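Asks: need a 3D model of the sequence below.
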Amino acid sequence: MKILVPLPETPAYKAGLKPNDRILEIDDKPTSEFPEGEGMIQTAVNLMRGKPGTTVKVKIQHAGSETPETVDIVRAV
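Replies: This next block holds a predicted model:
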């Protein structure tokens with residue numbers, strides 16, 4: 001699962017996610033185990049949504065990097 005473009009001023013943008021970063025896990029759930037196609041996107045969206053001000057833990061691999069990084073993203077409206 002790759003990030004296309006994090007929109008300015010969104011939680012992902014503020015957390016430093018960039019185009020072509022790969023999302024490896026969301027709250028310790030590997031994205032490789034998500035259903036294929038639209039189900040993958042829906043599963044990711046469901047895990048990332050939540051009460052504003054709470055955090056979601058996302059493991060990403062920046063484009064061009066070999067080392068994954070875990071980022072806490074603060075949810076917002």
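Asks: longest helix of this protein?
Replies: Longest helix in the chain by number of residues, with DSSP state H as the criterion: helix 38-48.
Asks: partners of the following helix or strand past that helix, with directions?
Replies: Going down the chain from helix 38-48, the next helix or strand is strand 55-61, by DSSP states H and E. Strand pairing for strand 55-61, determined by DSSP bridges: strand 22-26 (antiparallel), strand 69-74 (antiparallel).
Asks: show me which positions of strand 55-61 end up buried.
Replies: Of all the residues in strand 55-61, those buried under the rule 16 or more other Cβ atoms under 10 Å are 56, 58, 59, 60, 61. Quick note: C-beta positions are derived from backbone N, CA and C, even for glycine.
Asks: about what we covered before: which of the strands paired with strand 55-61 sits most buried?
Replies: strand 22-26 (a mean of 18; mean count of other Cβ atoms under 10 Å).
Asks: ok and that strand relative to helix 38-48, angle-wise?
Replies: Interaxial angle of strand 22-26 relative to helix 38-48 (axes from the mean of the first three to the mean of the last three Cα atoms, to 10 degrees): 60 degrees.
Asks: tell me what the next helix or strand after strand 22-26 is packed against?
Replies: Moving toward the C-terminus from strand 22-26, the next helix or strand (DSSP H and E) is strand 29-30. Helices and strands touching strand 29-30, by 3 or more Cβ pairs under 8 Å, 6 or more residues apart in numbering; DSSP states H and E: there are none.
Asks: so what's the gap between strand 29-30 and the chain middle?
Replies: On the basis of Cα atoms, centre = their mean, to the nearest Å, strand 29-30 sits 11 Å off its chain's mean C-alpha point.
Asks: could you do stretch 5-13 as well?
Replies: For stretch 5-13, the distance to the chain centre is 11 Å (Cα atoms, centre = their mean).
Asks: could you do stretch 13-23 as well?
Replies: Mean-position distance between stretch 13-23 and its chain equals 7 Å (Cα atoms, centre = their mean).
Asks: show the average pLDDT along that stretch.
Replies: The average pLDDT within stretch 13-23 is 94.
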